[in-house]
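Colleague: Any chance you can model this:
(chains A and B)
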Amino acid sequence: MRLLAPAFKFHFKGGRRTMILSVLSSPALVSGLMVVRAKNPVHSILFPILVFCDTSGLLILLGLDFSAMISAVVHIGAIAISFLFIVMMFNIQIAEIHEEVLRYLPVSGIVGLIFWWEMFFILDNETIPLLPTHRNMTSLRYTVYAGKVRSWTNLETLGNLLYTYYSVWFLVSSLILLVAIIGAIVLTTHRTTKMKRQDVCRRNALDSRRNIMNKTISPFGHSHRRSFSSKAEGGESQDSYDPAYIEFLRARLGFFPGLVPNLDKLLSVLKPEQILFLTLRNMFKLPLKNIKDMIKEAMAKDEENRNKPPVEGCEDRRMTAEESQKLLEAFSFLWDKKRFGTIEWCRYPS
Amino acid sequence: MIIDSVEVETINSFSKLELLKEVYGLISILPILTLLLGITIEVLVIVWLEREISASIQQRIGPEYAGPLGLLQAIADGTKLLLKEDILPSRGDISLFSIGPSIAVISVLLSFLVIPLGYHFVLADLSIGVFLWIAISSIAPIGLLMAGYSSNNKYSFSGGLRAAAQSISYEIPLTFFVLAISLLSNSSSTVDIVEAQSKYGFFGWNIWRQPIGFLVFLISSLAECERLPFDLLEAEEELVAGYQTEYSGIKYGLFYLVSYLNLLVSSLFVTVLYLGGWNLSIPYISFFDFFQMNKAVGILEMTMGIFITLTKAYLFLFISITIRWTLPRMRMDQLLNLGWKFLLPISLGNLLLTTSSQLVSL
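Modeller: This next block holds a predicted model:
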């Protein structure tokens, strides 16, 4: 049965393994240096990817195949990609690092010396023959145990320890990850970011009868309905079905054949603003100053609304005086004879 | 049930090469070259197959000018792309631009190492076989990011980010379902997974033991390959060609190749993990009891193994090509919603069910 097969069969002689070790470690060292020296931040995230690949290779060389794969998945597939996502969206100023590098020398020199000193705890005379340090000859030597234990795969070994003896630590690390997830979610749902949200006041102010069921009125008239929600259906009026507005429409749109007598039916399927828009489309039939008057009158209604106090709990969305002036300016091409032949005229959809 | 005997082992070329390797050293490259040749031919076949199937679905005639029945269409495409001018963006990062498609191709090609086409007929029988595929397919999004970033084009960049986001989001349900399969088969080695499905023939397939897994694996691997319905990265209307916009010539050809290679790897993995691999799945009948020959059984078995694996893989290929030409495209947020909010909890639930069933049955 191949269940208990070892990870890799090494047919190497000693020299080949050293060659592979060198081939994997030298790019790792050089890339590690280039991380710090690269001018482009994106390059300095891509070089660690080389380091991670080489580290995976070195782990395979040691016989720890599962750790190598995990290292690839976690370091390259998660950490490096996350860093890349962030760094790529920077506004990159390609840094000139040749000046002012000596500023960092005191602290970085001390840190570098400490690391260099710690290396001698690991290296010894065996690995690099010229070093003056000797390892402790009486205690256990550094052995690649993974190569000696041939009965279990790496995965089984890890599982045997991780979920039995170290299960509490495993659960603690999962709690740490949970905290990270919650932190990420909390950080990104800050209210001031421009997210599409539902406006509760507007949603509550909508009436389904008026906005949805309005369109499905029966063609026979409304004699069979017992309750109506808008004047067009025969009931009480609401905001834009203000009787003054509808009277205004009746008064001004009289020259459209057949519009005014059927205005009720039109209002049951269209909103008044839509009727206005549709009538304004045929504007070469309309004397120009009438449009300006129409719009000004509609705005005058808004004026008197402005003086009322705002409804509590909802945002105040009424136009200020400047905004209505700007709106008037924006629509002024409809009646301004100077701009008739210009390109703004062409922008009007017709 | 191991259809194995000592004769098979000595005839089977892969294990014999272990001894030859010591002598000649370089001869171990021969199976790799054979596999590369096989893969290239398969990619040509898949390209032709996609054109023909899409033509039938759209009720038109497919390729018919390049070679008989249009069989050489892929070669024609490849030649055209080879002879095109290689345009480099002037302000983009040229080294990253060139390396990007290569990284994607390398990571996909390396996944062919662990696909078994027969009992000893696998390039590398690792004890962490499927996990190698998972680990190496995590490297592909880096290539896409590099390609999108170095093109000096906002739309390419956005497409590259989306491609990487899509890839990493669908890796996770993929990994969990592969993990569930490994749990069922007590091993991560692909050979062992196929062997564990061989006991009851057709009814021993993992698709019956993990039906949700099969469906979700299909969806996730389609998303990993960036095929429809997860096609937004190459959506011609929205992003021109996403991260592939600035590429021309053979580099574009490499991206084209990556898509089909990924599809091939995914379909082969579906057969290995869910559809029983190279076993002829008539239950309780061993095909070779009918034949009395012992020496030639090895070669026949190898051929049968390859043929059966490819047939099952082409079933999945047909399904995915048909899906491509029938379903509409998903929007990016719908796609990511599906991956994170729907498939990930399903994968965890499936893992829970599998582990509890293993506990109960053991």
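
Colleague: which helix is the longest one in the chain?
Modeller: With no chain named, the answer covers chain A. Ranked by number of residues, the top helix in chain A under DSSP state H is helix A:14-37.

Colleague: ah, I was thinking of chain B
Modeller: Max-length helix for chain B by DSSP H is helix B:154-185.

Colleague: ok, that helix near chain A or not?
Modeller: Yes: interface with chain A: helix B:154-185 contributes B:157, B:161, B:164-165, B:168, B:171, B:175 (C-beta under 8 Å from any C-beta of the partner chain). Placement of C-beta: from N, CA and C, glycine included.

Colleague: right, and the helix or strand after that helix?
Modeller: Per DSSP states H and E, helix B:154-185 leads on to helix B:190-196 as the next helix or strand towards the C-terminus.

Colleague: Show me what that following helix is packed up against.
Modeller: Contact here means 3 or more C-beta pairs under 8 Å, 6 or more residues apart in numbering or on different chains; DSSP states H and E; on that basis helix B:190-196 packs against helix B:129-137, helix B:154-185, helix B:249-273.

Colleague: Any idea which residue of the stretch 101-250 of chain B lies closest to chain A?
Modeller: Among the residues of the stretch 101-250 of chain B, B:S138 lies closest to chain A, at 2.6 Å counting by C-beta to the nearest C-beta.

Colleague: and that residue, how many neighbours?
Modeller: Burial measure for B:S138: 24 neighbouring residues, criterion other C-beta atoms under 10 Å in any protein chain shown.

Colleague: and the gap between it and A:N154?
Modeller: Distance, B:S138 to A:N154, by C-beta to C-beta, to the nearest Å: 19 Å.

Colleague: likewise B:A104?
Modeller: Remark: distance between B:A104 and A:N154 (C-beta to C-beta) = 28 Å.

Colleague: now the angle from the helix or strand encompassing A:L105 to helix A:14-37?
Modeller: According to DSSP H and E, A:L105 maps onto helix A:105-119. Using axes from the mean of the first three to the mean of the last three C-alpha atoms, to 10 degrees, the direction of helix A:105-119 lies 160 degrees away from that of helix A:14-37.

Colleague: contacting residues for the spatially most central residue of chain B?
Modeller: A centroid search over chain B (C-alpha atoms, centre = their mean) returns B:V265, at 1.3 Å, as the residue closest to the centre. For B:V265, the contacting residues are B:108, B:111-112, B:115, B:133, by C-beta atoms under 8 Å, 6 or more residues apart in numbering or on different chains.

Colleague: now with 7 Å?
Modeller: Taking C-beta atoms under 7 Å, 6 or more residues apart in numbering or on different chains as the contact definition, B:V265 lies against B:108, B:111-112.

Colleague: cool, and B:S98?
Modeller: Counting by C-beta under 7 Å, 6+ apart, B:S98 has no contacts.

Colleague: roughly how far apart are it and B:T190?
Modeller: 33 Å.

Colleague: where does the chain dip in pLDDT?
Modeller: Let's take chain A. A:1-14, A:91-101, A:124-151, A:190-242, A:254-275, A:277-324, A:326-350 (pLDDT under 70).

Colleague: try chain B instead
Modeller: B:1-27, B:234-239, B:281-298, B:362.

Colleague: Chain A contacts on that one?
Modeller: Within chain B, the positions adjacent to chain A are B:21-22, B:126-128, B:131-132, B:134-135, B:138-139, B:141-142, B:145, B:149, B:161, B:164, B:168, B:171, B:186-189, B:191-192 by C-beta under 7 Å from any C-beta of the partner chain.

Colleague: Could you check which residue of the stretch 101-250 of chain A lies nearest chain B?
Modeller: Taking C-beta to the nearest C-beta, the stretch 101-250 of chain A has A:T153 as its residue nearest chain B, at 4.5 Å.

Colleague: which residues touch B:F97?
Modeller: B:F97 sits next to B:88-89, B:150-151 when contact means C-beta under 7 Å, 6+ apart.

Colleague: tell me the angle of the strand or helix carrying it relative to helix B:129-137?
Modeller: Assigned by DSSP H and E, B:F97 belongs to helix B:94-110. Put simply, helix B:94-110 runs at 170 degrees to helix B:129-137, going by the same axes, to 10 degrees.

Colleague: buried ones in helix B:94-110?
Modeller: For helix B:94-110, burial by neighbour count (16 or more other C-beta atoms under 10 Å in any protein chain shown) applies to B:96-97, B:99-101, B:103-105, B:107-110.

Colleague: Tell me which two of those sit farthest apart.
Modeller: B:F97 and B:L110 (22.1 Å; C-beta to C-beta).

Colleague: what's the helix or strand for the closest residue to B:A180 other than its chain neighbours?
Modeller: Among residues not flanking B:A180 along the chain, B:T354 sits closest, at 4.4 Å (C-beta to C-beta, 6 or more residues apart in numbering or on different chains). Using DSSP H and E, B:T354 sits in helix B:344-361.

Colleague: Packing partners of that helix?
Modeller: When contacts are defined as 3 or more C-beta pairs under 7 Å, 6 or more residues apart in numbering or on different chains; DSSP states H and E, helix B:344-361 packs onto helix B:154-185, helix B:211-224.

Colleague: As a markdown table, these with mean neighbour count would be great.
Modeller: Formatted as a markdown table, these follow (neighbours: other C-beta atoms under 10 Å in any protein chain shown):
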| stretch | mean neighbour count |
| --- | --- |
| helix B:154-185 | 22 |
| helix B:211-224 | 21 |
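
Colleague: B:Y260: neighbour count?
Modeller: By the criterion of other C-beta under 10 Å, B:Y260 has 22 neighbours.

Colleague: got the contact list for it?
Modeller: By C-beta under 7 Å, 6+ apart, B:Y260 lies in contact with B:43, B:46-47.

Colleague: Make JSON lines from the residues you listed and add secondary structure and neighbour count to it.
Modeller: Conversion of the contacts of B:Y260 to JSON lines gives the following (DSSP: H, G, I helix; E, B strand; the rest coil; neighbours: other C-beta atoms under 10 Å in any protein chain shown):
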{"residue": "B:V43", "secondary structure": "helix", "neighbour count": "19"}
{"residue": "B:I46", "secondary structure": "helix", "neighbour count": "21"}
{"residue": "B:V47", "secondary structure": "helix", "neighbour count": "20"}
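
Colleague: could the residues you listed be laid out in a markdown table, adding distance to B:C225?
Modeller: Formatted as a markdown table, the contacts of B:Y260 follow (distance: C-beta to C-beta, whole Å):
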| residue | distance to B:C225 |
| --- | --- |
| B:V43 | 13 |
| B:I46 | 11 |
| B:V47 | 14 |
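
Colleague: which one among those residues gets closest to chain A?
Modeller: Closest to chain A out of those is B:V43 (25.0 Å), distances taken as C-beta to the nearest C-beta.

Colleague: quick one, what contacts the closest one?
Modeller: Applying C-beta under 7 Å, 6+ apart to B:V43 gives the contacts B:257, B:260-261, B:264.

Colleague: Closest to B:I207 out of the contacts of B:V265?
Modeller: B:S111 (21.2 Å).

Colleague: The closest one contacts B:I134, doesn't it?
Modeller: No: the criterion here is C-beta atoms under 7 Å, and B:S111 misses it with B:I134 at 9.2 Å.

Colleague: So is stretch A:55-75 next to chain B?
Modeller: Yes: residues of stretch A:55-75 are located near chain B by C-beta under 7 Å from any C-beta, namely A:65-66, A:69, A:72-73.

Colleague: who touches B:S167 in this structure?
Modeller: Residues near B:S167 by C-beta under 7 Å, 6+ apart: B:140-141, B:144, B:224.

Colleague: go with 10 Å
Modeller: Residues near B:S167 by C-beta atoms under 10 Å, 6 or more residues apart in numbering or on different chains: A:77, A:81, B:104, B:137-138, B:140-145, B:223-226, B:233.
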